[in-house]
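>>> after the sequence you'll find the predicted model.
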Amino acid sequence: MPKKMCDEVVSILENRKVNGKYYKLTFQSTLLSQKVQPGQFLQIRINQGNDPFLRRPFSYYRVIGKRVELLYEILGRGTDVLSKKKKNDELQIMGPLGKGFCKTIGKKKRLLVAGGVGVPPLVFLAERYSTDYLLIGTKSKLEVLPKHELKKVKAEILYATEDGSYGSKGMVTALLEKIIMHEDPRGFFIQTCGPKRMMEAVMALAGKYGIEGESSWDETMACGVGACLGCMVQTKEGLQRACVDGPVFKFKDLV
Ligand SMILES: Cc1cc2nc3c(=O)[nH]c(=O)nc-3n(C[C@H](O)[C@H](O)[C@H](O)COP(=O)(O)OP(=O)(O)OC[C@H]3O[C@@H](n4cnc5c(N)ncnc54)[C@H](O)[C@@H]3O)c2cc1C
Ligand code: FES
């Protein structure tokens, strides 16, 4: 196991629904809360038995002292089981894992583009490091985070909903293009996490306007520690493991 990583059994402090999409899970741990960078993740063994068999990866959403918060949506069996856990139930968790987003971007404006399971790490990044814009794409108003969940974010927060029920109507990438066209695009540094199609569209725009940035490739992961080679990402240097070489990669390094 790499240095500074731990595998610990923790007790759940809170696990509750925050809106029509996300649940928030909170626990306390000295080791799992140490030296965490936004973009890093944890591997959770959801049950002690074999159902589900593999651990599931989740990004850090917030770390306050020893308190760790995760924000997750139900996508399948593992997250459904997780959503039914109660206060004081135990979970075995390994972390912090992977390489997070870069914090220093010189004089550029930090512009974050998030969607789906990519929202938690980018809210964490916006809370930790000076950010100009946080753009969030969702299907509808039901998925918009309650205001108190974003109260520590100093950036301008803009939503794009596909049905137009909140913020701009349409895709978050249309909103992104509107913003970058307003000033010198190369003055921005984009960091993105979310559905692959969204990130590909963000990277295409970044390429068109000559903007540097990073994206977090949340590939399906089995081991989370570089052993199974199940999370490979095609980079200019060849295939790399998202769990240890990423999940955050620079746009210019990706194929
Ligand atoms: C580095 C990393 C960080 C993540 N952070 C978060 C987070 O903060 N919050 C959160 O809700 N989820 C996050 N995810 C996704 C989360 O791991 C999956 O939602 C979870 O593993 C699904 O498990 P399941 O058993 O419920 O569903 P499964 O039965 O395993 O899958 C159900 C459905 O979800 C899809 N799915 C599985 N994994 C992913 C994935 N990585 N991305 C998108 N779709 C997926 C499958 O294709 C399938 O359609 C992260 C994933 C990675 C790799
Ligand atoms: S998940 Fe096993 S190598 Fe990345």
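In hand now; what should we look at? Ligands and ions are numbered 1, 2, ... in the order given.
>>> A strand includes Ala206, no?
No - applying DSSP: H, G, I helix; E, B strand; the rest coil, one finds Ala206 to be helix, outside a strand.
>>> list the residues that contact it.
190, 212-213, 251 (C-beta atoms under 8 Å, 6 or more residues apart in numbering). (C-beta placed from N, C-alpha, C; glycine too.)
>>> between the two ends of stretch 91-104, how far is it?
34 Å (C-alpha to C-alpha, to the nearest Å).
>>> and that stretch, how far out from the chain middle?
10 Å (C-alpha atoms, centre = their mean, to the nearest Å).
>>> name the residues of that stretch that come out as buried.
91, 93-102 (16 or more other C-beta atoms under 10 Å).
>>> skipping adjacent residues, who's closest to the residue nearest the centre of the chain in space?
By C-alpha atoms, centre = their mean, the chain has its centre lying nearest to Pro121, at 3.2 Å. Closest residue to Pro121 apart from its sequence neighbours, by C-beta to C-beta, 6 or more residues apart in numbering: Ser59 at 3.9 Å.
>>> which bits of this protein sit near ligand 1?
41, 52, 56-59, 70-73, 75-79, 117, 120, 218-221, 247 (C-beta under 6 Å from any ligand atom).
>>> just the residues you listed: which are in helices?
Residues of the residues of the chain next to ligand 1 located in helices (DSSP state H): 77-79, 120.
>>> columns distance to ligand 2 and pLDDT on top of those residues, output as a markdown table?
Putting these into a markdown table (distance: C-beta to the nearest ligand atom, whole Å; pLDDT from 0 to 100) gives the following:
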| residue | distance to ligand 2 | pLDDT |
| --- | --- | --- |
| Arg77 | 18 | 92 |
| Gly78 | 15 | 94 |
| Thr79 | 18 | 96 |
| Pro120 | 19 | 98 |
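>>> could you flag which of the residues you listed are buried?
For these, buried by 16+ other C-beta under 10 Å: 78-79, 120.
>>> filter the residues of the chain next to ligand 1 down to the buried ones, ChimeraX style.
Buried members of the residues of the chain next to ligand 1, defined by 16+ other C-beta under 10 Å, are picked up in ChimeraX with:
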select :41,52,56,57,58,59,70,71,72,73,78,79,117,120,218,219,221,247
